[in-house]
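In: Next input, structure requested:
(one chain, ligands or ions: 2)
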Amino acid sequence: MAQPTMPSPDESSYPPPFRRPTSPSAAVLGVPVAPPALPVSFSTVHIPVIDLQALDPGALAAACEDWGVFRLTNHGTPPALSRRLHDEVRRVFSLPFETKRARFAGPPATYFFGTPAVSLVVRDLNWLEGIHVPLDRPPPCFPGGDPDLGEDACLRDLTEEYGRHSARVVKALFESLAAEIGFDGERRASYLSDSDRMLRLFFYPHCPHPAGKYLGINAHTDSSVLTTVSEDEVGGLQVLRDGTWFSVKPVAGTLVVIVGDMLQAMSDDRCRSSEHRVLASSGRERISICYFAFPCEEGAIVSSKYRKFTNREFREKVQEDIRSVGFKYPIFTGGVDPIFTGGVVLRDKQLVLDDTSPQIVTQ
Ligand SMILES: O=C(O)CCC(=O)C(=O)O
Ligand SMILES: [Fe+2]
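Out: Ligands and ions are numbered 1, 2, ... in the order given. The predicted structure is shown next:
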C-alpha cells in the first residue's frame, strides 16, 4: 500500500543553505529527492506544571531548583493574541529570503539564520531562522522607526502587546521567587529590568538531512533571568536531565519557562540554568516565540558562589568568548574565575562560511 506523503514545504523562502538540492525530475514533479528523515525517538518528559493563577511559591522555587524548567498554565496571555502572533510569524517567514533580509535588516528588528542569535559566530549550522525584536526602547521597535510599516505594522503591534503580557508573567514569577529566595528590596529592584528584554521569533525550516545531523539550536543555557517559550504543536524542544536528553511535549495554551544563567547566579546556584536544545524539524516546520528577561545592565549581582558582576560585564564576556571560541561557556562554578570559566564544549562540525552564510552582527 502506498505510504501517505508529507506535503513538501515551499522552500523558496528558505535561506540558501536550507534548500534541498532537487533533480530536474523532482523539480517537475515537485517532490523531494530524498524522503524526509525519520524522527529520532526520545523519551518525553513531564516537566513540573505551575499555575500562575494559583501560584504556589514553594512549588515554583522547587521547579526552578530541581528542573530549571517548567510548564506555566493560566498565564493570562489571551489565546487569540498568541494565535495571531503565531500566524503573523508564519506569514513573515514565508516571505522570500531576500525580502526578509532587506525588511528586517536591523537594528532594531534583525533577521538572522543558521545561529540562535544575531551576534553568534557560526560553528555548527543551526537549522533555524529568527527575527530578533528588542523590547528595550519605546515603540516602534521595527526598522526605521516608521509608524507606517505597511504589512509589518501588524507584526509590530502583536509583538508589543505580546511583550507586555510576557513582562507581566515574568514579573509575577520573579516576585514570587525573590520572596522565596529572600532577595532584599534593592536587589529585587535591579535583578529584573523593566526595559531590558527581547523577543526572538523562530522558524525551524524543514530539514531533509538524517535525524541528528543538524540541530535546530545547539545545546545551551540562556543568559536571561527567565525565558518563556510559546511553541506550536510540532515539538523539538529538549532538556538535559541527569545526562539524558528528554523531549518536552508541546501543550497548547501553555508556556515553557526556562531558568537562565542570571537567576542561577542570583540564587547562589539554588535555581539551575537548564541546558536545552531544539531538534531540527524533520517533519513540519516549527514556530516558537521566545521572551527573554534580563537584570538591569549596571546592577551588581551579588552571591556567594560567583564574584560580584553586572549583566553588562557578563554579556561582554559572552560576546568575547563567542568571538574567540565560537560559543558561549555555560555559567559554571569551580573554575579560577567562577563566573566566567565554563566547562569545555566540544564542537566537531565546522561550517565553512560563504557569502550566503549568516553574517556576524554585533549589537
Ligand atoms: O525555540 C525554542 O523552543 C527554544 C529556543 C531557545 O532555546 C533560545 O532561543 O534560547
Ligand atoms: Fe534557549
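
In: so is the residue of the stretch 1-150 of the chain found nearest ligand 1 in a helix, a strand, or just coil?
Out: The minimum distance from the stretch 1-150 of the chain to ligand 1, using CB to the nearest ligand atom, falls at P116 (5.0 Å). Where you see a C-beta, it was placed from the backbone N, CA and C, and this is true even at glycine. Counting by DSSP: H, G, I helix; E, B strand; the rest coil, the backbone at P116 sits in coil.

In: Who are the contact partners of it?
Out: When contacts are counted by CB atoms under 8 Å, 6 or more residues apart in numbering, P116 touches 126, 128, 130, 200, 217-218, 220.

In: 10 Å - rerun?
Out: 126, 128, 130, 200, 202, 215-218, 220, 222, 277-278, 290, 328 (CB atoms under 10 Å, 6 or more residues apart in numbering).

In: T115 is in contact with N126, correct?
Out: Yes - if you go by CB atoms under 10 Å, N126 and T115 touch, sitting 5.7 Å apart.

In: picking up where we left off before, if we look at ligand 1, which of the contacts of P116 are close to it?
Out: The subset of these within reach of ligand 1, by CB under 6 Å from any ligand atom, is 200, 202, 217, 222, 278, 290.

In: Who wins on neighbours among those?
Out: In terms of neighbour count, V278 stands highest of the ones next to ligand 1 among the contacts of P116 at 26 neighbours, by other CB atoms under 10 Å.

In: which non-adjacent residue is nearest it?
Out: Distance criterion CB to CB, 6 or more residues apart in numbering; nearest residue to V278, sequence neighbours excluded, is G216 at 3.6 Å.

In: Identify the bridge partners of whichever residue of the stretch 201-350 of the chain sits closest to ligand 1.
Out: Taking CB to the nearest ligand atom, ligand 1 has its nearest neighbour within the stretch 201-350 of the chain at S288, 3.4 Å off. Bridge pairing for S288 (DSSP bridges) gives the partners F202, E231.

In: For it, give its distance to N126.
Out: 13 Å (CB to CB, to the nearest Å).

In: who touches both of the two?
Out: Joint contacts of S288 and N126 (CB under 10 Å, 6+ apart) are 204, 216-217, 278.

In: which of those sit farthest apart?
Out: Y204 and I217 (8.6 Å; CB to CB).

In: Identify the contacts common to the two.
Out: By CB under 10 Å, 6+ apart, the residues touching both Y204 and I217 are 126-128, 130, 236, 278-280, 288.

In: Quick check: which ranges of the stretch 1-150 of the chain have low pLDDT?
Out: 1-8, 21-42, 118-123, 137-150 (pLDDT under 70).

In: Please enumerate the strands of it.
Out: Taking DSSP state E, counting those that start in this stretch as the criterion, the stretch 1-150 of the chain carries its strands at 44-45, 49-51, 69-73, 110-113, 129-134.

In: With mean neighbour count and distance to W245 added, can I get those in TSV?
Out: Listed next are the strands of the stretch 1-150 of the chain as TSV, based on neighbours: other CB atoms under 10 Å; distance: least, CB to CB, whole Å:
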stretch	mean neighbour count	distance to W245
strand 44-45	14	9
strand 49-51	17	21
strand 69-73	22	13
strand 110-113	24	24
strand 129-134	24	22
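
In: from the contacts of P116, which single one is nearest V248?
Out: Relative to V248, the closest of the contacts of P116 is V278; by CB to CB it sits at 9.9 Å.

In: Okay, now the sheet partners of the one helix or strand the closest one maps to, with direction.
Out: Per DSSP states H and E, V278 falls inside strand 276-279. Strand 276-279 has the following strand partners under DSSP bridges: strand 215-220 (antiparallel), strand 237-241 (antiparallel).
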